[in-house]
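Engineer: Give me a 3D structure for the following:
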Amino acid sequence: MSHRKGVGLVLVLIALAILFSLGGLLFILMAVGAEPQVARNSTLVLRLDGSLADAEPRGLVDQFFEPPATVRAVVESLQRAKRDARIAAVIVRPAAAQALWAKVQEVRDAILDFKKSGKPVIGFLEYGGEQEFYLASACDKVFLLPSSTLDLMGLATFELFLRGTLDKIGAHPDLLHIGDYKTAANTFTEKTYTPAHREMAESLNRDLYGQLVAGLAQARKKTEDEIRELIDHGPFLPEDAVRAGLIDGLAYEDEIPEKAKLPGGADRRVEFDVYRRVSGSSVGFGRRPRVAVVYVDGTIVSGSSAGDSAQGPIAGSDTIGRYLRRARDDRSIRAIVLRVDSPGGSAIASDVIWREVQLARSSKPVIASMSDVAASGGYYVAMPAHAIVAEPGTLTGSIGVVVGKFVVVGTLEKLGITLDSVSEGRYALLQSPLRPFTPDERAKIQELMQATYDTFVRKAAEGRQTTMEKIDAIGRGRVWTGRQAKDLGLVDELGGLTRALALAKARAGIDADADVELVIYPPRRGFFEALADPFGGASRAGRLTWLGNAWERRAIGTLTAPLTIFRRGEPLTIMPNVFLR
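Structural biologist: Numbering: from 1, shown residues only. Next comes the predicted model:
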């Protein structure tokens, strides 16, 4: 009897501990979600650390910590601060940028828009690389840490080639592609650039460099030739950066309010992670028309989305399709913006999403907004939209197809492993890892791949209201910047999510000056939903993504995606691996 009482007491204590824990967690959630108080003459400090993600993480731990600085959160905070009478100035503090160029350009555009308020906005660089300086240059003044350097040296493109490694381990990549510029397979099949690959890389790098030069020239009131000459003499010691007119002064962060003569001084500062919780109603946003923003974030695959996989974000066709149907069927939603940040992936999954976008546009306006990357399958899903908007630095296009397999029999032999097979059927061994494709099999693969490419080109021509011949001429797997894509007719307008929303409002008959309420997909998960799925839909293999920084995880994930997340033999519409800094 005493034994049973002891067990009962233990169970009661465990139950009480669970209840107290849940109560504590709920208290934390309520405290985190409380509306912050902002004093008059406050200075908003915008610390832009990390990768400037598009979508917020969805794991359990993320319920208790402020999510990273997403592009939308930064832009919306600046829009609120622009009309918030309590905010007298803004300090922008970019650090360790890990995004590509389009997200940086979108935040920079938001800073330029904030300046229309007449309130001062000051840039502070603890470190000044190209992206950090480009972002800060949009501010009224730019200060640099006295012990730092301005590492303005130009732009370089790095691409990884693994053929030598595969040769060493006895693996043979038997990969086929359509289009000389469809170079996604080159990572595995080549040891360096092919002529077409190099031509494309140089074109991208040159155009992005031109965008950097033009932006700095305008911001620092210099000619483009002067900026090019200065870049060729970088990096700069802090004093030299001031003398060259690139930096307005040197200061530690605590000295900024006095040196920049900010209205609130040093005592009234509100951090971004606090101010982002300020509601729109507190700064004058009332009841507003609703516009859905559906995120296609990450590599496109069949099935469900995952926010925290080993390959980075995963955009599942089932999940994206469900969100599009919800937005389509919700009568309160006036328009849909499809926000794409994806290098592509499965051709089949991309086509499934394409169909859902096509159905959505039949009932309400659909505008595609391209972030850092909307290439190959990422471009495919955007094609049915009424209009496509991209930043000048968005990587897009890459209309092409890759199919193939890895022959690993040599690797297995090195490890003393024997793999054998029996088969019935002419093409039963088509995806065999024991041998390369036979000529007959290669012809069959080419036929299937050509059909996928023709479908891609035909649907692109229909979406862009042009001919297949014209799309093929600018397709063939080639990646373009958003600015180049605009000139070629692949993109309608240049800008970010704000511009896409303006087009959506116009098509939906919403007044141009009216504020809108954004209905975000994926929606932010509740506590108990996160508790049921603590990893945000990630596979078990992807739950160690805390290893390394976001840039390293993205690079590793991009390289390993073809080996781990696609069906065997699946045709891929995925862009090359391009790492720009």
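Engineer: Now stretch 152-168: buried residues?
Structural biologist: For stretch 152-168, burial by neighbour count (16 or more other C-beta atoms under 10 Å) applies to Leu152, Leu155, Thr157, Glu159, Phe161, Leu162, Arg163, Leu166. The C-beta positions use only the backbone N, C-alpha and C, and glycine is treated the same way.
Engineer: Make CSV out of those and add secondary structure.
Structural biologist: Formatted as CSV, those follow (DSSP: H, G, I helix; E, B strand; the rest coil):
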residue, secondary structure
Leu152, coil
Leu155, coil
Thr157, strand
Glu159, coil
Phe161, coil
Leu162, coil
Arg163, helix
Leu166, helix
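Engineer: Between these, which sits nearest Val270?
Structural biologist: Distance to Val270 across these (C-beta to C-beta) is lowest for Leu152, with 30.8 Å.
Engineer: Distance of that closest one relative to Pro392?
Structural biologist: As judged by C-beta to C-beta, to the nearest Å, Leu152 and Pro392 stand 19 Å apart.
Engineer: With Ala219 instead?
Structural biologist: 15 Å.
Engineer: And Asp267, by the same measure?
Structural biologist: In this view, Asp267 and Pro392 are 40 Å apart by C-beta to C-beta.
Engineer: quick one: which of those two has more around it?
Structural biologist: Taking neighbours as other C-beta atoms under 10 Å, Asp267 and Pro392 compare with Pro392 leading, 22 against 10.
Engineer: mind checking the SS state of that one?
Structural biologist: Per three-state DSSP, Pro392 ends up coil.
Engineer: Excluding covalently adjacent residues, which one is nearest to it?
Structural biologist: With C-beta to C-beta, 6 or more residues apart in numbering as the criterion, Pro392 has its nearest non-adjacent residue at 4.1 Å, and that residue is Arg483.
Engineer: ditto for Pro36
Structural biologist: Closest to Pro36 by C-beta to C-beta, 6+ apart is Val274, at 4.9 Å.
Engineer: Domain boundaries for the protein, per the record?
Structural biologist: 38-153+234-282, 299-324+343-355+371-495+539-580 (automatic domain parsing).
Engineer: and the most centrally placed residue in the chain, what helix or strand is that in?
Structural biologist: Centrality entry for the chain: nearest residue to the mean C-alpha point is Asp341, 4.3 Å, by C-alpha atoms, centre = their mean. In this structure, Asp341 sits in strand 333-342 according to DSSP states H and E.
Engineer: got it, and Val242?
Structural biologist: If you go by DSSP H and E, Val242 is part of helix 238-243.
Engineer: Relative to the whole chain's centre, how far out is whatever helix or strand comes next after that helix?
Structural biologist: With elements assigned by DSSP H and E, the helix or strand that comes after helix 238-243 is strand 249-250. Put simply, strand 249-250 sits 33 Å off its chain's centre (C-alpha atoms, centre = their mean, to the nearest Å).
Engineer: before we move on, what about stretch 235-247?
Structural biologist: On the basis of C-alpha atoms, centre = their mean, stretch 235-247 sits 32 Å off its chain's mean C-alpha point.
Engineer: Quick one: mean pLDDT over that stretch.
Structural biologist: Averaged across stretch 235-247, the pLDDT comes to 97.
Engineer: now do the same end-to-end measure for it.
Structural biologist: Taking C-alpha to C-alpha, to the nearest Å, stretch 235-247 runs 13 Å from one end to the other.
Engineer: So what touches the helix or strand that Trp480 is a member of?
Structural biologist: Counting by DSSP H and E, the element that carries Trp480 is strand 479-481. Strand 479-481 is contacted from outside by 181, 200, 203-204, 207-208, 211, 375, 392-398, 474, 488, 490, 575-576, 578, using C-beta atoms under 8 Å, 6 or more residues apart in numbering.
Engineer: where in the stretch 151-300 of the chain is pLDDT low?
Structural biologist: For the stretch 151-300 of the chain, the stretches with pLDDT under 70 are 264-266, 280-287.
Engineer: How about the chain?
Structural biologist: Ranges of the chain meeting pLDDT under 70: 1-13, 15-34, 50, 57-68, 96-98, 264-266, 280-287, 308-311, 525-569, 576-581.
Engineer: Try it again at 50.
Structural biologist: Residues of the chain meeting the criterion pLDDT under 50: 25-32, 60-61, 527-528, 532, 534-535, 538-548, 551, 579-581.
Engineer: in the stretch 451-581 of the chain, which spans are helices?
Structural biologist: Secondary structure of the stretch 451-581 of the chain (DSSP state H, counting those that start in this stretch): helices located at 468-474, 482-488, 497-508, 527-532, 550-564.
Engineer: got the residue ranges for the helices in the stretch 101-250 of the chain?
Structural biologist: 101-114, 130-136, 163-168, 186-189, 195-219, 224-231, 238-243.
Engineer: out of those, which comes closest to Gly298?
Structural biologist: When those are compared by C-beta to C-beta, helix 101-114 sits nearest Gly298, at 14.4 Å.
Engineer: tell me what the closest one is packed against?
Structural biologist: When contacts are defined as 3 or more C-beta pairs under 8 Å, 6 or more residues apart in numbering; DSSP states H and E, helix 101-114 packs onto helix 71-83, strand 87-94, helix 130-136, helix 195-219, strand 366-375, helix 497-508.
Engineer: quick one: buried residues of the first one?
Structural biologist: If I follow you right, that is helix 71-83. Within helix 71-83, the residues that count as buried by 16+ other C-beta under 10 Å are Val71, Arg72, Ala73, Val74, Val75, Glu76, Ser77, Leu78, Gln79, Arg80, Ala81, Lys82.
Engineer: Just give me the closest of these to Pro238.
Structural biologist: Minimum distance to Pro238 across the buried residues of helix 71-83 is 26.7 Å, recorded for Val74 (C-beta to C-beta).
Engineer: From Ser117, how far out is the closest one?
Structural biologist: In this view, Val74 and Ser117 are 16 Å apart by C-beta to C-beta.
Engineer: Not counting its neighbours along the chain, what's nearest Val294?
Structural biologist: Nearest non-adjacent residue to Val294, counting by C-beta to C-beta, 6+ apart: Tyr521, 4.6 Å away.
Engineer: measure the one you found to Leu324 for me?
Structural biologist: To Leu324, Tyr521 is 8 Å away according to C-beta to C-beta.
Engineer: Between those two, tell me which one has more neighbours.
Structural biologist: Shown here are Tyr521 and Leu324; by other C-beta under 10 Å, Leu324 has more neighbours (25 against 20).
Engineer: Show the contacting residues for the more buried one.
Structural biologist: Contacts for Leu324 were tallied using C-beta under 8 Å, 6+ apart; they are Val294, Ile336, Leu338, Ile353, Glu356, Val357, Leu359, Ala360.
Engineer: tell me which element it falls in.
Structural biologist: Element membership for Leu324, per DSSP H and E: helix 317-329.
Engineer: Pull out the buried residues from that helix.
Structural biologist: For helix 317-329, by 16+ other C-beta under 10 Å, it's Ser317, Thr319, Ile320, Gly321, Arg322, Tyr323, Leu324, Ala327, Arg328.
Engineer: between it and strand 333-342, how many degrees?
Structural biologist: Counting by axes from the mean of the first three to the mean of the last three C-alpha atoms, to 10 degrees, helix 317-329 lies at 160 degrees to strand 333-342.
Engineer: Gly400: what's it in contact with?
Structural biologist: Taking C-beta under 8 Å, 6+ apart as the contact definition, Gly400 lies against 177-179, 181-182, 376, 453, 456, 475-478, 573.
Engineer: Looking at these, spot the one nearest Lys103.
Structural biologist: Checking the contacts of Gly400 against Lys103 with C-beta to C-beta, the nearest one is Ser376 at 19.1 Å.
Engineer: Tell me if I'm right that the residue nearest to the centre of the chain and Gly298 touch.
Structural biologist: Yes. Between Asp341 and Gly298 a contact is recorded at 7.5 Å, counting by C-beta atoms under 8 Å.
Engineer: check contacts around Leu144.
Structural biologist: Phe124, Leu125, Gly128, Leu150, Pro238, Ala241, Val242, Ile247, Gly249, Leu250, Ala251.
Engineer: Mind checking which of these are buried?
Structural biologist: Among these, those scoring as buried are Phe124, Leu125, Gly128, Leu150, Pro238, Ala241, Val242, Ile247, Leu250, Ala251 (criterion: 16+ other C-beta under 10 Å).
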